[in-house]
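Chemist: the following block contains a protein sequence and its predicted model.
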Amino acid sequence: MTLQAMLIVAAILFCIGLYGALARRNVIAVFMSIEIMFNSVNLTLVALGRYVAPHALAADIESALTGQVFAVFIIAVAAAEVALGLGIVFALYRNTESVDLTEAAQMRR
Amino acid sequence: MPFRTEPMTVNIGPQHPSTHGVFRLRVTFDGEVITEVEPVFGYLHRGTEKLAEERNYVQVVTLTDRLDYVSSMTNNQAYCIAVEKLLGVTPPLRAKYLRTLVAELQRIASHLIGVGFFLQELGTFGGTPLMYCFRSRERILDLFEMLCGARITVSYLRPGGVFSDAPADFWPALDAFMQVFPGELAELEQLVLENEILMVRTRGVSPLPLDVAVNCSVSGPVLRASGLAWDWRKEDPYDAYDQVRFEVPVGTNGDNYDRLWVRMQEVHQSLSIVRQCVAQIEPGPVRLDLPLVLRAEAGVEAYGRIESPRGELGFYLVSDGGISPYRCKIRSPSLLNLTVTEHLLVGWKLADMIVSLGSVDINMGEVDR
Amino acid sequence: MLLVDITFWGLSVVAIGAALGVVLVRDLFRAALLLVVVFLAVAGFFVLLSAQFLAVVQVLIYAGAIAILLVFAVMLTKDVPHGNLPNRLQVPAAMVAALLLAVLVAVAAATQWQPVPLAQQEQVAVVQTGSAGLANLLVSDYALAFEAVSVLLLGAAIGALALLRGRPEQAP
Amino acid sequence: MSCQLAAGNILYENPLLRWVYDIAGTVAPCWAAYLAAGLAFMLLLVNGVLIGTAILTWAERRILARFANRIGPNRWGPFGLLQPLADLIKLLTKESLTPRSADRIVFNLAPILMLMPALLVVAVVPFARNIALADLSIGVLYVLAISSLTILAIFMAGWASQNRFALFGAARGVAVLISYEVPVVLSLLGVVMLAGSMSLNDIVAAQAVPFFLVQPLAFFVFFTGVSAELNRTPFDVAEGESEIVAGYHTEYSGIKFAIMQAAEFGGTITASAVIVSLFLAGWAGPLAGYLGWLWFLLKLGAVLFVFIWVRATFPRLRTDQIMAFSWKFLLSLALINLVATALEVYFLRGDSRTLTTVDLWVMAGINLALAAVAIGAFGRLNRAQVQRVRPPLPVLAPAGAPAGKAV
């Protein structure tokens, strides 16, 4: 397991998520794809934090945790995003009785 | 709510743990809330009324055992009273007392089943309260076995009296039961009546307004829980009920708790009636000397009714002068108590539905006949 | 380390396969379940990267909470077994994704990453495995961000409630 | 080959694992020995939980029967002890049905996924001094994370069955589990604060005074929340037998049903093990060095008995009442406990940054009083709808009339 391998796996996951987010019709499927992208970003951050030395490392050993701290924040923000996003999806469903994104665009008033 | 959900139709029963036999409810749910309910019954239909037209008057007694199979004694009683009215005879006094005594014992047994399964449906799946109830019920069934050799399908009562006098060892056994039972009942009440979870599950749930209950011809504990002291033992005393004193427990809200409470109180009252019967009963004949095959005059009609554990149980008999009834119509309280199903259930949740159904305490043998 | 390598490649196959499943499977419910597999595989990666705390948080938040919310949302879809349809942008989306992948892989492979000095590797591993360092950082250096995130979460909770609260029924 | 473990390795701390490791190390390469030691212990744990499950099913049936004036299973073996075996054989030989309209893969996967958390949680539970598969520094969080996976399995089972009752059960189960996750997590924060560590081993070691005395509110909230998460009475709405037949496992039969049951009872056992470690001082007791496992098992049995006792006594709550209980009652208690513990730890700890036994006793006193007040006050607030019991009617007849007079 090397840094490059880890980064490439994360990149593949990100691109799969990107494809899904662009090419799916169902809002919830798009949501899932976005979650995959979040995860791959987290993976990248933690991998970089694990293998790459920040400039401050020599002075402050805790700076090795910067990647993990960022990942924690991203997870927290993702949780908020899902709560709000699903709230919007429910609101959308209430108005259009559908979770189809293409229909939602057509029914814009 | 602007949030439109898809209604879901579910068949509760005929194969379901809590439908008291083969009963089916077609329920439409919005989430867990009931929006529509349609009782479907007839799965246990055995044509009792038609069969009664093919048997002679005494043989029909065995059919009545199988109506409400948890209170056979009172079924016998209602039928026998109807036949006696048809024939214009009165049973001897000792038979009247014996009938009252066994009817009240049967009421206790039946209410214990009603209460036990009601608690079971509240989810005490460990079965503790149910088994407490069954423990006492078994003692009563043992007493019945001493009287007539059968525990469930007793056929103890006959037109014109009872099948035979109580054996000598019945009275000490009854005495022993009366010593033990109040303690067991207290144990059950302590376990159940002050339980906070039971309170929040039953208080104010599925109330039945009195006008609805009266308009739907509901009777028995369900009617009394809604606030009307209507009891045929008081209104039109039969057998020895004019000789004993008892109170009619009456609820106020008609909710599930009141129905439970009324039943529990009736058990106490029944116990007191049994005591009075034992104290007042005198030796004497227990059966009129009637011919083996009874015949009533042609064209005579009679309606005999009693207060069964579930409500007004009536037998309407028409005679054409033959050896069997020309027509036998049974007014079964369980069936008529089912008419309020919609009032009780719509708007409440699935969990309450099961409990409310249990609080009405229907018996499918009687509903489908 | 042989074990670590085997685990890594195994997890990679699982994660990528499950991710592909999420975007390609027609059955939306199964897609949601595959998404949970992706989450769990990523948690496995975190363990390999000696970020135990993150791995557990990943399971708790993603697999335990977010996935459940998504599964509940799936019920909004009318025909769940065939609910995950592609739209017309399939081919362009695939092209964009492939292009991005190429760029990312090229960058990852071509960059000269500056590794942790050998002398400090032991120390770094200890710090990264324990959760105390992370806790210290969150309430000291990143306290402002931490508070901002709590406010954001509160706002999100209130916002979601406000969105979902039934509006008073308009008289017809 | 001789393999040497570094001090500080998990295996090094654990005599049993070290023994397996040393034996395997003489014949196999070091990494294989490492694997073998881990696998051997896992085998022990998994089978321990499963056998415990079998015993628990027997014990629950016997004890429930005694509560209900019955005898319970008594045919197979002494005191019916082999009854679980008979049940298992019966279930194994039964046809394993899959409904035609069910989602076959998900349907068959759900029981396995349900059993998984129950088995995974035991990994961090210390059964005796230094006997745990993994002494994770984030043990408590691990337990919470793993047990939250049960939600998914329940939903999979309910959804894939294509049965209305199963769907009802799944929806109810998920709603309950999500609601109770919050107070349960909050209640554990107090314990973690006291111990200063999330490792279960450290938490056991920190219990000079058992934490159910120091943290009575947390204990109450955690015990209640866990019984809700385990679908035990009075919170068993997800499989309420009288309402929705069997809830999410209505359609399961044969071996799949057996696995579901094992998961349920195994979950109870592991949850009790966690309760013992967090609140009842785990393996601590007289002669803990030798008899730690015995103390652990005794405490485990006591906790399990309370679970069974509750099951024998209480009726079931309705789903919305369970939600209200969680959000209005347990959450408030958990928050009170959290704030109180934080203040107490801050003021009592002083400069030494550690809590002495005296401090713990002081906290126990304060917290017990606080728990009584808080439970009383919030109970009263939530009890608005519970009215007093109606007094019984007078019985008119003179009691005690001599029977048998009219023979």
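Modeler: Yes, it's here. Numbering: from 1, shown residues only, chains lettered A, B, ... in the order given.

Chemist: up against chain B, what does chain A have?
Modeler: A:Phe90, A:Arg94, A:Glu97 (CB under 8 Å from any CB of the partner chain). To be clear about C-beta, it is placed using only N, CA and C from the backbone, and glycine gets the same treatment.

Chemist: for the buried ones among the residues you listed, write the corresponding ChimeraX selection.
Modeler: Filtering these down to the buried ones (16 or more other CB atoms under 10 Å in any protein chain shown) takes a single ChimeraX command:
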select /A:90,94
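
Chemist: low-confidence regions, the chain specifically.
Modeler: Picking chain A for this. A:1, A:55-59, A:102-109 (pLDDT under 70).

Chemist: hmm, I had chain B in mind actually
Modeler: B:1-5, B:19, B:125-126.

Chemist: which one of the residues in it is closest to chain D?
Modeler: Residue nearest to chain D within chain B (CB to the nearest CB): B:Gly123, separated by 2.5 Å.

Chemist: and the helices in chain C?
Modeler: C:2-24, C:28-48, C:52-57, C:67-74, C:90-110, C:118-129, C:132-139, C:143-164 (DSSP state H).

Chemist: as a markdown table, these with mean neighbour count and mean pLDDT would be great.
Modeler: Formatted as a markdown table, these follow (neighbours: other CB atoms under 10 Å in any protein chain shown; pLDDT from 0 to 100):
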| stretch | mean neighbour count | mean pLDDT |
| --- | --- | --- |
| helix C:2-24 | 17 | 87 |
| helix C:28-48 | 24 | 88 |
| helix C:52-57 | 25 | 86 |
| helix C:67-74 | 22 | 82 |
| helix C:90-110 | 14 | 85 |
| helix C:118-129 | 15 | 73 |
| helix C:132-139 | 16 | 80 |
| helix C:143-164 | 14 | 85 |
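
Chemist: phi first, then psi, for the residue in the stretch 301-407 of chain D positioned nearest to chain B.
Modeler: As assessed by CB to the nearest CB, chain B sits closest to D:Arg316 within the stretch 301-407 of chain D, at 2.5 Å. According to degrees, to the nearest 10, the main-chain angles of D:Arg316 amount to phi -90, psi 150.

Chemist: so it sits against D:Val237, correct?
Modeler: Yes. Counting by CB atoms under 8 Å, D:Val237 is a contact partner of D:Arg316 at 6.6 Å.

Chemist: ok, back up a step: how about the helices of chain C, which one is nearest chain B?
Modeler: Between chain B and these, the shortest gap by CB to the nearest CB is with helix C:143-164, which sits at 8.3 Å.

Chemist: tell me what that closest one is packed against?
Modeler: helix A:66-96 (3 or more CB pairs under 8 Å, 6 or more residues apart in numbering or on different chains; DSSP states H and E).

Chemist: so the residue of chain B closest to chain D: helix, strand or coil?
Modeler: With DSSP: H, G, I helix; E, B strand; the rest coil as the basis, B:Gly123 sits in coil.

Chemist: quick one: contacts for the residue lying closest to it once chain neighbours are set aside?
Modeler: Spatial nearest neighbour of B:Gly123, chain neighbours left out: D:Arg316 (2.5 Å); criterion: CB to CB, 6 or more residues apart in numbering or on different chains. By CB atoms under 8 Å, 6 or more residues apart in numbering or on different chains, the contact set of D:Arg316 is B:122-125, B:197, B:201, B:351, D:233-237, D:240, D:242.

Chemist: got it, and D:Asn163?
Modeler: So D:Asn163 contacts D:Pro99, D:Thr250, D:Glu251 (CB under 8 Å, 6+ apart).

Chemist: among those, who's most crowded?
Modeler: Neighbour counts for the contacts of D:Asn163, by other CB atoms under 10 Å in any protein chain shown, peak at D:Glu251, which reaches 23 neighbours.

Chemist: give me the distance between that one and D:Asn74.
Modeler: Distance of D:Glu251 to D:Asn74, computed by CB to CB, to the nearest Å: 32 Å.

Chemist: which parts of chain C sit against chain D?
Modeler: Close to chain D, as judged by CB under 8 Å from any CB, chain C has residues C:1-3, C:27, C:29-30, C:33, C:36, C:52-53, C:56-57, C:59-60, C:63-65, C:67-68, C:71-72, C:81, C:129-131.

Chemist: do the stretch 1-150 of chain B as well
Modeler: Residues of the stretch 1-150 of chain B lying near chain D (CB under 8 Å from any CB): B:8, B:10, B:16-18, B:32, B:94, B:119-128, B:130-132, B:135.

Chemist: for PyMOL, write a command that selects the buried ones of those residues.
Modeler: In PyMOL, this line selects whichever of those come out buried by 16+ other CB under 10 Å:
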select buried, chain B and resi 10+16+17+18+32+94+119+120+121+122+123+124+125+126+127+128+130+131+132+135
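
Chemist: return the subset of the residues of the stretch 1-150 of chain B next to chain D lying in strands.
Modeler: The members of the residues of the stretch 1-150 of chain B next to chain D that map onto strands under DSSP state E are B:Met8, B:Val10.

Chemist: ends of stretch B:30-47, how far apart?
Modeler: Its first and final residues considered, stretch B:30-47 spans 37 Å by CA to CA, to the nearest Å.

Chemist: can that stretch be found next to chain C?
Modeler: No. Contact between stretch B:30-47 and chain C is absent, the nearest approach being 11.5 Å (criterion: CB under 8 Å from any CB).

Chemist: contacting residues around that stretch?
Modeler: Taking CB under 8 Å, 6+ apart as the rule, stretch B:30-47 contacts B:5, B:7-8, B:13-14, B:21-29, B:66, B:338, B:341-342, B:345-351, B:353, B:364-365, B:367-369, D:168, D:172, D:319.

Chemist: now D:Arg100, what are its backbone angles?
Modeler: Dihedral angles for D:Arg100 - degrees, to the nearest 10 - are phi -60, psi -40.

Chemist: now stretch B:243-253: buried residues?
Modeler: B:Gln243, B:Val244, B:Phe246, B:Glu247, B:Val248, B:Pro249, B:Val250, B:Gly251, B:Asn253.

Chemist: want to try TSV for those, with secondary structure as columns?
Modeler: Converted to TSV, these look like this (three-state DSSP):
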residue	secondary structure
B:Gln243	coil
B:Val244	coil
B:Phe246	coil
B:Glu247	coil
B:Val248	coil
B:Pro249	coil
B:Val250	coil
B:Gly251	coil
B:Asn253	coil
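
Chemist: I'd like the residues you listed laid out as CSV, including distance to D:Leu85.
Modeler: As requested, the buried residues of stretch B:243-253 are arranged in CSV below (distance: CB to CB, whole Å):
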residue, distance to D:Leu85
B:Gln243, 60
B:Val244, 56
B:Phe246, 54
B:Glu247, 55
B:Val248, 55
B:Pro249, 50
B:Val250, 55
B:Gly251, 50
B:Asn253, 51
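
Chemist: buried sites along stretch B:26-45?
Modeler: B:Val27, B:Phe29, B:Glu32, B:Ile34, B:Val37, B:Pro39, B:Phe41, B:Leu44.

Chemist: may I ask which two of the residues you listed are separated the most?
Modeler: Farthest-apart pair in the buried residues of stretch B:26-45 is B:Glu32 and B:Leu44; separation 28.7 Å (CB to CB).
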